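S.K.: What shape does this take:
(chains A, B and C)
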Amino acid sequence: MYTKNQFQLLKDFADKNDALFDLGITTTDSFTGEIGEFIACQHFKLHKSGRSNKAVDGIAPNGERYQIKSKVVSTSSFSHTISNLQPDLFDKLVLVYFDIHYNLLKMLVIPVSEIPESVFRITKSNISKFESIDRVKMPLKFQKALTDFAKSFTALQENGIIRSRRIVGDIGEFYACKKLDLIISENQTEKGIDARHPNGLTFEVKTRWVYESDRRISEVRRLNNLVGKTADYLIVVTLDRCFECSGMWIIPMKNIANPKSASLKIINSTPGVKNIIPSKISWLQNRESFQGFDTVISKRQTNKTIAKRRPRPVKPKQVPLPLIPVEENNEISIEQIIIAAVLIALGLLVAVII
DNA sequence: GGTTTTGAAACGGACAGGCC
DNA sequence: GGCCTGTCCGTTTCAAAACC
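M.R.: As a prediction, this is how the structure comes out:
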């Protein structure tokens, strides 16, 4: 589906992403936040907290607790709102700003005394109040790994492979749309619908990057937050380490038993699942092969879902404007004919006299 | 028209409890 | 004990609405 060159760029990104992991710069796939944490830890000589340490990302040699947040900015504005802060649990908040190529723009250091509640805002009016750092020293190998990663990421954007920073989701949507001739939603945050088919069916696409990696402690993978999704079908896409599609399934949304927190393994057990691309993952089974939408649509119709079709709009009848008030029964009496005849005769007589 | 706010989206992890 | 599920939390990004 991708060209050879595009696959090479994706493989290169996977390599550069792994390089960050191997160097300890990142520990998960949330690379923006992790790169920011790494840079702040380098600068302030922090001891980085574990994966799930509430509100504290690093601890300084003097015991100060740091909360670190990162943001990629594409405009000149540094305005930012951070919510759900717990100022009683840390001493300093560090905001790390990157440009779109992951070059450090600045780091802001905000003492907790400036954060009275759980929401904190950086605006034009207050940004100058805080200590700003725009250069961080770090060993050359780290610098090079970050530069290489940023270049590789930028190449994905420049070659039209991804349209946002959600790489996994973008690629999964691309595969699903290519395979099923779907039209991707222009609005990237449209609730519950990622793509549409010209036949009117709607689709939510969920993608998981499934491969052996120390990034994940557990094998359990979830398909969270499908509650309220209005799409007709869920398409599950799995990607291997180099972002090649390692499986694709289509599931009627209404058949998903636990939409709030389904396991990825629901594709093994949910009724009506069909395989679009065979599974290369041992614990995700191949199901009945998907034969195209004709089959799906005919099943929809036999399931009486056809009754849910929107009623065809009724064209209003054109009613002529009444020029003369008429009686409800629309019948003309003999008296009316006589009166009309007399009036016409009188009119003709007047015309002759004149 | 630029800035700020808000809500929805994405992916992932931890923990508790039930079941076998 | 191991597995699975439910729930809640963590992270950042995007875009529309609201505001100035």
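
S.K.: Where do the helices of chain A begin and end?
M.R.: A:4-22, A:31-44, A:140-158, A:167-180, A:266-269, A:293-302, A:334-353 (DSSP state H).

S.K.: close to DNA strand B, is stretch A:120-129?
M.R.: Yes. Applying C-beta under 7 Å from any atom of the strand, one finds stretch A:120-129 touching DNA strand B at A:R121, A:T123, A:K124, A:S125. Any C-beta I mention is one placed from the backbone N, CA and C, and that applies to glycine too.

S.K.: any idea how far A:T270 is from A:A231?
M.R.: 15 Å (C-beta to C-beta, to the nearest Å).

S.K.: And for A:F130?
M.R.: 44 Å.

S.K.: Repeat that for A:N275.
M.R.: Taken as C-beta to C-beta, the span from A:N275 to A:A231 is 19 Å.

S.K.: Same check on A:A14?
M.R.: 29 Å.

S.K.: now swap in A:H43 and tell me
M.R.: Counting by C-beta to C-beta, the gap from A:H43 to A:A231 is 45 Å.

S.K.: Tell me the spacing between A:Y233 and DNA strand B.
M.R.: As judged by C-beta to the nearest atom of the strand, to the nearest Å, A:Y233 and DNA strand B stand 13 Å apart.

S.K.: pretty sure that residue is touching A:E204, no?
M.R.: Yes. Applying C-beta atoms under 8 Å, one finds A:Y233 in contact with A:E204, separated by 7.5 Å.

S.K.: what do those two both touch?
M.R.: A:M253 (C-beta atoms under 8 Å, 6 or more residues apart in numbering).

S.K.: hmm, back to that, and the residues of stretch A:120-129 next to DNA strand B, which of them are in strands?
M.R.: A:R121 (DSSP state E).

S.K.: Most widely separated two among the residues of stretch A:120-129 next to DNA strand B?
M.R.: Across the residues of stretch A:120-129 next to DNA strand B, the longest distance by C-beta to C-beta is 10.7 Å; it joins A:R121 and A:K124.

S.K.: what is in contact with those two at once?
M.R.: A:S79.

S.K.: low-scoring stretches of chain A, by residue?
M.R.: Within chain A, the ranges that satisfy pLDDT under 70 run A:49-55, A:74-76, A:84, A:163, A:185-193, A:212-220, A:224-225, A:227-228, A:260-261, A:294-354.
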